[in-house]
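# take a look and give me a structure for this.
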Amino acid sequence: MPVIQVLSPQLANQIAAGEVVERPASVLKELVENSLDAGAQSIDIDIDQGGVKLIRIRDDGCGIGEEDLPLALSRHATSKIGNLEDLEAVSSLGFRGEALASIASVSRLSLTSNKGEGSAWKAVSEGRDMEVDIQPASHPVGTSVEVRDLFFNTPARRKFLRTEKTEYNRIDESIKKLALSRFDVAFSLRHNQRAQLSLRPAVTQLEQEKRVADICGAPFMEQALYVDNDRHGLRLWGWIGLPTFSRSQADLQHFFVNGRSIRDKVVSHAVRQAYQDVLYHGRHPAYVLFLEINPTDVDVNVHPTKHEVRFRESGSIHSFISQTIKKALAEDRPQDHLQSNDPSASSNLTQGQQAFPQGAQQATQWQPSMRFSDHRQSSHGTATPMAAYQSLYSTDQTRLPEATPDFNSQQDVPPLGYAIAQLKGIYILAENREGLIIVDMHAAHERITYERMKRDFDDQGLISQPLLVPESLAVSQREADAAEQHNDIFTKLGFTIERAAAESIIVRQIPAILRGSEVEALLRDVLSDLLEHGTSERIRDHINEILSTMACHGSVRANRKLTVPEMNGLLRDMESTERSGQCNHGRPTWSQLTLDQLDKLFLRGR
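As a prediction, this is how the structure comes out:
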């Protein structure tokens, strides 16, 4: 039988290093976080051979005094928390006090620091004996940490490292994420004596957007919306990619809680839900978002790598994130992405407001929400709605120019301009101040019809249908409790649900629009959401899917010939409709070719 024994401090430190020191990138993350906690405004990073040979971090933070240097390399010694109350409201990135000790146990580490109270001091430690040697040194105010020969004394771990290029790529990813978390700090990165990254402090929003573009790519910033919502002690701000900038993988998603980069199921679910109405299935949104919250309302001490957190009120956090993003996406209009040379142009028009040249004639009127039961066959055999058009706007506003408008004059021009032709019965070509607008008429009309149907559906309320035979569902006690606790949610969405027993509920009424759907499976998914997130939008999402299908079938089809006034009416509707930049499936509905782009295409001016 084995004999129980106390592990040596050296071995305990090396085991603990498995949680902290997975690879060079994790060493860099811990050291840079210490620099940020020390109040550094500038952090310089040098690495050799992917960080295996050398990682050197120099900062201009507050520094460490001579008497504290040995403690800095001891396990569970920290200046960041002192009692339980501090642990319940952690505001620093690092706080466990084991990072430096764990790193020192598997490398040759030197720590040089100047607290600004005299000379600098240097602590040197090698993993094999963990003895700390303190000696005078020369160093400005701040701290430098050198980590050499990582895993030199633990070859079993070293053999699991990847190639130099792979390890460097992980470091590059880590430092860029840290640079996103703190715009006010300057960062520089050198690899094998070659400069790789140099970021100046970014204070203004324009400077911050430049840093995001440098890190996440200019295409992201060119297709991103800025959000900033402050409510009830919570603030969510940052940039979200337009639905048309979706990704095949979740590789451009950065979320920070009080400056800490995290991966959280509540956050991911909230963001996915906000994009659900505007993305293809299988596509992922891109975002760089920052959540500011009272430290007492979030627990960061739930995972060794501190990548996960636990919110005290996860349901309210979920709702706040989802509604903020959803509102920003809904309020996005085509005119928000068009830059006019004329500051008085209609890019400043309010929603629904129309501006047309004077001397116009009355237009044929366009009605996007057509009756779905009234169809006819076109000459191409495609079902198209009957042309039963009624104006969305008052007759004195819906006017079109008698002739081609003078775009060089001071007259106002709508953001999407005026229709000039229809191409192949599919695309509308329009001219605005910037150049050529191309609109996919079916995709655009599908979104317009869908948004109109959702609005009408909300205004008219839900019609419930009693089940001929009430349906009994066997559920767990927690699920039954959730159904009883959130009964108001089900009632609002047209369900009548009663608790029959400790582990049974009865469904008596369902929304009429869900007739024929798999109601039992839907309710079980809703209960699962309520237990995990404290909220659920599955019922409404399912209703929206049905409305989306109806809108798709009720929209104008390809090869449907439209008159110029009808095309102009569609353009005006796009300018005043939520989410009109993409159809119900996430495809873009319009695109702009500026005059400069057209000139380059035809080599004009060369």
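
# so which bits of stretch 50-58 are buried?
Buried residues in stretch 50-58, counted by 16 or more other C-beta atoms under 10 Å: Gly50, Gly51, Val52, Leu54, Ile55, Arg56, Ile57, Arg58. Where C-beta positions appear, they are placed from N, C-alpha and C, glycine not excepted.

# just give me the closest of these to Phe183.
Ranked by distance to Phe183 (C-beta to C-beta), the buried residues of stretch 50-58 are led by Ile57 at 19.3 Å.

# what residues sit buried inside stretch 225-242?
Leu225, Val227, Leu234, Leu236, Trp237, Gly238, Trp239, Ile240, Gly241, Leu242.

# could you give the average pLDDT over that stretch?
Averaging pLDDT along stretch 225-242 yields 95.

# what's in contact with that stretch?
The contact list for stretch 225-242, computed with C-beta atoms under 8 Å, 6 or more residues apart in numbering, reads 205, 209, 212, 220-221, 223-224, 252, 285-294, 297, 317, 320-321, 324-325, 327-329, 332, 581-582.

# please save the CA atoms from it in PDB.
Extracted in PDB, the C-alpha atoms of stretch 225-242 (Å, rounded to 0.1, in the frame of the first residue of the first chain):
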ATOM      1  CA  LEU A 225     -21.900  49.200 -35.700                       C
ATOM      2  CA  TYR A 226     -20.900  51.100 -32.500                       C
ATOM      3  CA  VAL A 227     -23.200  50.300 -29.500                       C
ATOM      4  CA  ASP A 228     -23.200  52.000 -26.100                       C
ATOM      5  CA  ASN A 229     -26.000  51.300 -23.600                       C
ATOM      6  CA  ASP A 230     -25.900  52.300 -20.000                       C
ATOM      7  CA  ARG A 231     -28.700  51.200 -17.800                       C
ATOM      8  CA  HIS A 232     -29.300  50.200 -14.100                       C
ATOM      9  CA  GLY A 233     -25.600  50.000 -13.300                       C
ATOM     10  CA  LEU A 234     -24.700  48.000 -16.400                       C
ATOM     11  CA  ARG A 235     -22.900  49.400 -19.500                       C
ATOM     12  CA  LEU A 236     -22.400  47.500 -22.700                       C
ATOM     13  CA  TRP A 237     -20.300  49.200 -25.400                       C
ATOM     14  CA  GLY A 238     -18.200  48.300 -28.400                       C
ATOM     15  CA  TRP A 239     -18.600  47.200 -31.900                       C
ATOM     16  CA  ILE A 240     -20.800  44.500 -33.500                       C
ATOM     17  CA  GLY A 241     -20.400  43.300 -37.100                       C
ATOM     18  CA  LEU A 242     -23.200  43.700 -39.500                       C
END
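
# what distance separates it from the centre of its chain?
Centroid displacement of stretch 225-242 relative to its chain, using C-alpha atoms, centre = their mean, to the nearest Å, is 10 Å.

# residues contacting the closest residue to Pro466 other than its chain neighbours?
Spatial nearest neighbour of Pro466, excluding adjacent residues (C-beta to C-beta, 6 or more residues apart in numbering): Gln509 at 5.1 Å. Counting by C-beta under 8 Å, 6+ apart, Gln509 touches Ser464, Gln465, Pro466, Leu467, Gly494, Phe495, Thr496.

# now the third one: how far from Gly494?
According to C-beta to C-beta, to the nearest Å, Pro466 stands 11 Å off from Gly494.

# which of those two has more neighbours?
Gly494 (19 against 9; other C-beta atoms under 10 Å).

# what pLDDT does that one get?
For Gly494, the model assigns a pLDDT of 81.

# now swap in Lys454 and tell me
Lys454 is assigned 85 on the pLDDT scale.

# thinking Leu28 is in contact with Ile55, fair?
Yes: contact criterion C-beta atoms under 8 Å: Leu28 and Ile55 qualify, at 5.8 Å.

# now do the shared contacts for these two.
With contacts taken as C-beta under 8 Å, 6+ apart, the residues that reach both Leu28 and Ile55 are Ile45, Ile47.

# below-threshold pLDDT in the chain: ranges please.
In the predicted model of the chain, residues 1-2, 13-19, 96-97, 128-130, 304-305, 339-411, 461-462 satisfy pLDDT under 70.

# residue nearest the centroid of this protein?
The centre of the chain sits closest to Tyr287, judged by C-alpha atoms, centre = their mean, with a distance of 3.0 Å.

# could you point out which element follows the helix ranked longest in the chain?
In the chain, with assignment by DSSP state H, the single longest helix is helix 441-460. Downstream of helix 441-460, the first helix or strand assigned by DSSP states H and E is strand 464-474.

# pull the distance from that next one to the chain's centre.
When distances are taken as C-alpha atoms, centre = their mean, strand 464-474 is centred 39 Å away from the chain's centroid.

# can you show me the strands along the stretch 1-150 of the chain?
Remark: strands assigned in the stretch 1-150 of the chain by DSSP state E, counting those that start in this stretch are 42-48, 54-59, 108-114, 120-126, 133-137, 142-148.

# possible to save these as JSON lines with distance to Leu100?
Shown next, in JSON lines, are these (distance: least, C-beta to C-beta, whole Å):
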{"stretch": "strand 42-48", "distance to Leu100": "16"}
{"stretch": "strand 54-59", "distance to Leu100": "11"}
{"stretch": "strand 108-114", "distance to Leu100": "7"}
{"stretch": "strand 120-126", "distance to Leu100": "9"}
{"stretch": "strand 133-137", "distance to Leu100": "14"}
{"stretch": "strand 142-148", "distance to Leu100": "8"}
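
# now the strands for the stretch 451-600 of the chain?
464-474, 496-501, 504-511, 590-594.

# any residues touching the last one, and which ones?
Residues from elsewhere that reach strand 590-594, judged by C-beta under 8 Å, 6+ apart: 334, 337-338, 416, 432, 434-440, 444, 574, 581.

# out of these, the closest to Ile505 would be?
Nearest to Ile505 among those is Gly581, at 41.2 Å by C-beta to C-beta.

# need phi/psi at the closest one.
As for Gly581, its main-chain torsions (degrees, to the nearest 10) stand at phi -70, psi -10.
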